[in-house]
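Undergrad: Have a look at this fold, sequence not included:
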């Protein structure tokens, strides 16, 4: 503890933040109190594991494989790795440097750089709050699937019987057991966002459990988080390795792996490929949320964050590629299973329709037989023509599935067809939980660290109480996602709460560091911490390349929102057994607009507030001197 005593003039409403060097030139504010030493990580390895646990999340397992599938398989790695060098690593290193130098969370760090930039930190906290609200819902779904994985027959492996117990439920048969279990059993989803309904009590309890675990993980700040990350950062790799060994030994797995690494170089001429690569790097590393600044603020002054930024970024991207191999081996198994099942259905159809022997048609010559029967028996063939399916392995592999559809539907469908399916289901959903919980540690830390730094609540409450209040508030607000229409609101937050605001935040961050704080001053800060100045690569990326890329992405998203017309969403139609496109109602569109503007508006509003307070302070000082 350090004693800091200065004679000060404290104006009404001012908040004093120690130590003295954080005050700005010309300010008359100081404090006289004991300042507790800032906690720190026990070792650099603990910090690295915390960042890996935060950055490596669910997006590595479901978003990256989807983009590979959509943008030319192995060819997508070219723009992805290029964007990692031009955008990901430099911005990651910059946020670590800011946190380690200022030893503050996002709000305090940006206020220390300039009193007019405090809104950047507030915007980061608001965005992290939005993410926490819906991200932990995914962990609740994982708990739900995990608990149901211990049944003798996986509940998504077959349809439930109907009310009359005369057969299977028609909605499930029209859809599929895996889709029915996700949409109707897990979500109990309504047919539109207008139909709210009550809470799904099972999901509400799972969400409660998820937040209790998050609270236990962060209750003592970095002291408890630092212990947890040894498990959350490493065990998912154990599960991925087990799944890799099992995946590549599955029938048809190599069809999926070959599909992933077969490059379609024509996709490199598609601008959307490059945009998605830049966006994936940006969000996968968790830039702009304030989590990296918060984590690095607990580092020692001379910690080598530069080398750590490169290592963590490479681990994150390497995990995406590794997880994609696992995913595509599973996906190849599923596609091959569906393809061969389709052939078998066609074989049985031909056998029954034309009274052929079992030996006459095999799975390998079904297509030839269908063509032959169409020529030799045109009238009989016409009677079954509507039942003939086009079986294609390539078409099965081309079917791109993103997000929760990949994690909870496609994987579940593949798992149910594996031997010892309960074991593989338990392992998979434990892995999802650890990935999700690891990311939640960073998201919650991005909220509680700035609040603790500015002593917004800690004057009368302990840090454990503040952490508990943050978790409780997020839990209460998150209950809305467990209602029957909750998944539609989940989609709104997932698509609109962070994308545009994060691009805006990080663009202003790099501009503020290079052109407000000053690149030369930033270089001296790095030299003070590391003993050497950053080389030309870092300076060129920070000053020119990264800002241009971020500005281009920001403009692209604005144009995309404008040209997209009325926002739409996928609503579940129980009669059709699939999702249909619907437009958001007016109140939904208004909410989307407010969601987009809420974080963006923090920056100008906080700057305006700083200007007003500066004028008020100047007036008070003049009056004091005159008196």
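TA: Structure received. All values reported here derive from a predicted model rather than from experimental measurement.
Undergrad: make it CA atoms for all contacts and neighbour counts henceforth
TA: Noted.
Undergrad: Got phi/psi on the nearest residue to residue 533 once chain neighbours are set aside?
TA: Counting by C-alpha to C-alpha, 6 or more residues apart in numbering, residue 527 is the residue found nearest to residue 533 once chain neighbours are left out, at 4.7 Å. Per-residue torsions, residue 527: phi -60, psi -40 (degrees, to the nearest 10).
Undergrad: Tell me how many other residues surround residue 527.
TA: 14 (other C-alpha atoms under 10 Å).
Undergrad: same check, this time on residue 524
TA: With other C-alpha under 10 Å as criterion, residue 524 counts 15.
Undergrad: Tell me who's in contact with it.
TA: Residues near residue 524 by C-alpha atoms under 8 Å, 6 or more residues apart in numbering: residue 533.
Undergrad: could you measure the closest residue in space to residue 339 that isn't next to it in sequence against residue 255, distance?
TA: Residue nearest to residue 339 in three dimensions, not counting chain neighbours: residue 393, with 5.6 Å by C-alpha to C-alpha, 6+ apart. Taking C-alpha to C-alpha, to the nearest Å as the measure, residue 393 falls 9 Å from residue 255.
Undergrad: between these two, who's got more neighbours?
TA: Neighbour totals were compared for residue 393 and residue 255, and residue 255 leads with 21 against 17 (other C-alpha under 10 Å).
Undergrad: That one sits in which helix or strand?
TA: helix 253-261 (DSSP states H and E).
Undergrad: cool, residue 326 as well?
TA: For residue 326, the host element (DSSP H and E) is helix 305-354.
Undergrad: pLDDT (mean, whole number) over that helix?
TA: Averaged across helix 305-354, pLDDT comes to 83.
Undergrad: Measure how far it is from the centre of its chain, please.
TA: Counting by C-alpha atoms, centre = their mean, to the nearest Å, helix 305-354 is centred 20 Å from the centre of its parent chain.
Undergrad: try stretch 140-155
TA: On C-alpha atoms, centre = their mean, the centre of stretch 140-155 falls 23 Å from that of its chain.
Undergrad: How far does that stretch stretch from one end to the other?
TA: Using C-alpha to C-alpha, the end-to-end distance of stretch 140-155 comes out at 17 Å.
Undergrad: Just the buried residues of stretch 101-110, please?
TA: By neighbour count on 16 or more other C-alpha atoms under 10 Å, the buried set for stretch 101-110 is 101, 102, 103, 104, 105, 106, 107, 108, 109, 110.
Undergrad: what about the closest residue to the second one other than its chain neighbours, distance to residue 98?
TA: Meaning residue 102. Excluding its sequence neighbours, the residue lying closest to residue 102 (C-alpha to C-alpha, 6+ apart) is residue 109, at 5.6 Å. Separation of residue 109 from residue 98 (C-alpha to C-alpha) stands at 7 Å.
Undergrad: Helices along the stretch 401-550 of the chain, start to end?
TA: In the stretch 401-550 of the chain, the helices defined using DSSP state H, counting those that start in this stretch lie at 404, 411-416, 421-453, 463-478, 486-496, 499-511, 519-530, 536-540, 546-563.
Undergrad: For residue 288, which residues are in contact?
TA: 124, 502, 503, 505, 506.
Undergrad: gap between the last one and residue 306?
TA: If you measure residue 506 against residue 306 using C-alpha to C-alpha, the figure is 19 Å.
Undergrad: Looking at these two, which one has more neighbours?
TA: Legend: neighbour count by other C-alpha under 10 Å for residue 506 and residue 306, higher for residue 506 (24 against 19).
Undergrad: Work out which residue lies at the spatial centre of the chain.
TA: Nearest to the mean C-alpha position of the chain, counting by C-alpha atoms, centre = their mean, stands residue 59 at 5.2 Å.
Undergrad: shouldn't it be in contact with residue 286?
TA: No. With contacts counted by C-alpha atoms under 8 Å, residue 59 stays clear of residue 286, the gap being 10.5 Å.
Undergrad: any idea of the mean pLDDT in stretch 205-215?
TA: Mean predicted lDDT for stretch 205-215 stands at 95.
Undergrad: And stretch 81-101, by the same measure?
TA: Here the average pLDDT along stretch 81-101 is 93.
Undergrad: Then stretch 161-180?
TA: 81.
Undergrad: any residues touching it, and which ones?
TA: The contact list for stretch 161-180 (C-alpha under 8 Å, 6+ apart) reads 156-160, 409-410, 412-413, 574-578.
Undergrad: same question, stretch 53-68
TA: With contacts defined as C-alpha under 8 Å, 6+ apart, stretch 53-68 is touched by 74-77, 229, 232-233, 260, 276, 280, 284-286, 316, 319-321, 323-324, 327-328, 400-404, 406-407, 432, 435-436, 438-443.
Undergrad: and residue 87, which of the helices of the stretch 401-550 of the chain is closest to it?
TA: helix 546-563 (5.3 Å; C-alpha to C-alpha).
Undergrad: Not counting its own residues, what contacts the closest one?
TA: Here helix 546-563 has contacts from 86-87, 90-91, 275, 279, 500, 503-504, 506-507, 510-511, using C-alpha under 8 Å, 6+ apart.
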